[in-house]
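Asks: can't give you the sequence, but here's the structure:
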């Protein structure tokens, strides 16, 4: 989540004063509630889902090395790549897909460009008409199917922190349902504490991403810790936060550690790989698709 998205995220937090107070003063209450919601959703243990938002060609240049190193740890990551970038990086992403990695539809249009040596977000779904959102989602679906060779079953909104309202999610999930999708991962940590690690919108599962230990509503983000020009966190903070938030999840007893990063921001950061290895000791690696299918099967059997 880049700088513009973080500002929007904080503005939204001001509309949730009670939850923010809980975050600051009683994080354990948030995670206790989260654990109850996880068990209600059909989870009785901890899962780890690691995903990458690959919004630039810089990500494609290092993606294979990152993927290989994670497989050595026991994690097969998932990839959200905008269609225009996926077409240009098709060789490396095809190689990654051949290992069994899943590719999410991340829309078709390129939505991050470099300006004055800094990557800047350029396309936001909350600034598009509903028809424009649908067109970008459908085009992204077609691109993933063409380049990867199999249709995606999940989606992540570009700069998803700006597209969180109930009506926006209903519109998005309606499009995804029409495409035959299983899930979306397009919501911020707040939704996880309010509705659980896997909740249903318009018949489709939604998997929120995970937050920090010191600020559970704030995404544990590679941009904020490794790349932002005015960042207030650093690599050591990522490691500390990653280990501490796992302790919260362990006390909750069940849930999904859903973390994402940009490959170009972490490929040369040993602390990132050390943190993933630490998570794997307590949380079973899976993918969004595998977990969505498991939860659907449980509900059908129940």
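Replies: All right, it came through fine. Quick caveat, the model's predicted, so the values are computed rather than measured.
Asks: elements contacting the one helix or strand residue 297 maps to?
Replies: Assigned by DSSP states H and E, residue 297 belongs to helix 288-301. Counting contacts by 3 or more C-beta pairs under 8 Å, 6 or more residues apart in numbering; DSSP states H and E, helix 288-301 is packed against strand 46-53, strand 154-155, strand 183-184, strand 204-206. Just so you know, the C-beta spots here come from the backbone N, C-alpha and C atoms, and that holds for glycine as well.
Asks: for these, give me JSON lines that also has distance to residue 245, mean neighbour count and mean pLDDT.
Replies: Shown next, in JSON lines, are those (distance: least, C-beta to C-beta, whole Å; neighbours: other C-beta atoms under 10 Å; pLDDT from 0 to 100):
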{"stretch": "strand 46-53", "distance to residue 245": "12", "mean neighbour count": "23", "mean pLDDT": "98"}
{"stretch": "strand 154-155", "distance to residue 245": "23", "mean neighbour count": "28", "mean pLDDT": "98"}
{"stretch": "strand 183-184", "distance to residue 245": "22", "mean neighbour count": "26", "mean pLDDT": "97"}
{"stretch": "strand 204-206", "distance to residue 245": "20", "mean neighbour count": "23", "mean pLDDT": "95"}
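Asks: please enumerate the strands of the stretch 101-250 of the chain.
Replies: Taking DSSP state E, counting those that start in this stretch to define them, one finds strands in the stretch 101-250 of the chain at 103-105, 112-115, 118-121, 154-155, 183-184, 199-201, 204-206.
Asks: for residue 229, find the nearest of those strands.
Replies: strand 118-121 (6.1 Å; C-beta to C-beta).
Asks: so who does residue 198 touch?
Replies: 38, 41-43, 205-207, 256, 291-292, 295 (C-beta atoms under 8 Å, 6 or more residues apart in numbering).
Asks: kindly recompute the last result at 10 Å.
Replies: Neighbouring residues of residue 198 by C-beta atoms under 10 Å, 6 or more residues apart in numbering: 37-38, 40-43, 47, 183, 192, 205-208, 255-256, 258, 288, 291-292, 294-295.
Asks: what subset of the residues you listed is buried?
Replies: Neighbour counting by 16 or more other C-beta atoms under 10 Å classes 37-38, 41-43, 47, 183, 192, 205-208, 255-256, 258, 288, 291-292, 295 among the contacts of residue 198 as buried.
Asks: can you add distance to residue 274 and give the strands of the stretch 101-250 of the chain back as TSV?
Replies: Below are these laid out as TSV (distance: least, C-beta to C-beta, whole Å):
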stretch	distance to residue 274
strand 103-105	26
strand 112-115	27
strand 118-121	25
strand 154-155	28
strand 183-184	29
strand 199-201	32
strand 204-206	30
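Asks: out of those strands, nearest to residue 33?
Replies: strand 199-201 (13.2 Å).
Asks: indicate each strand paired with the closest one and its parallel or antiparallel sense.
Replies: Sheet pairing of strand 199-201 (DSSP bridges) gives strand 204-206 (antiparallel).
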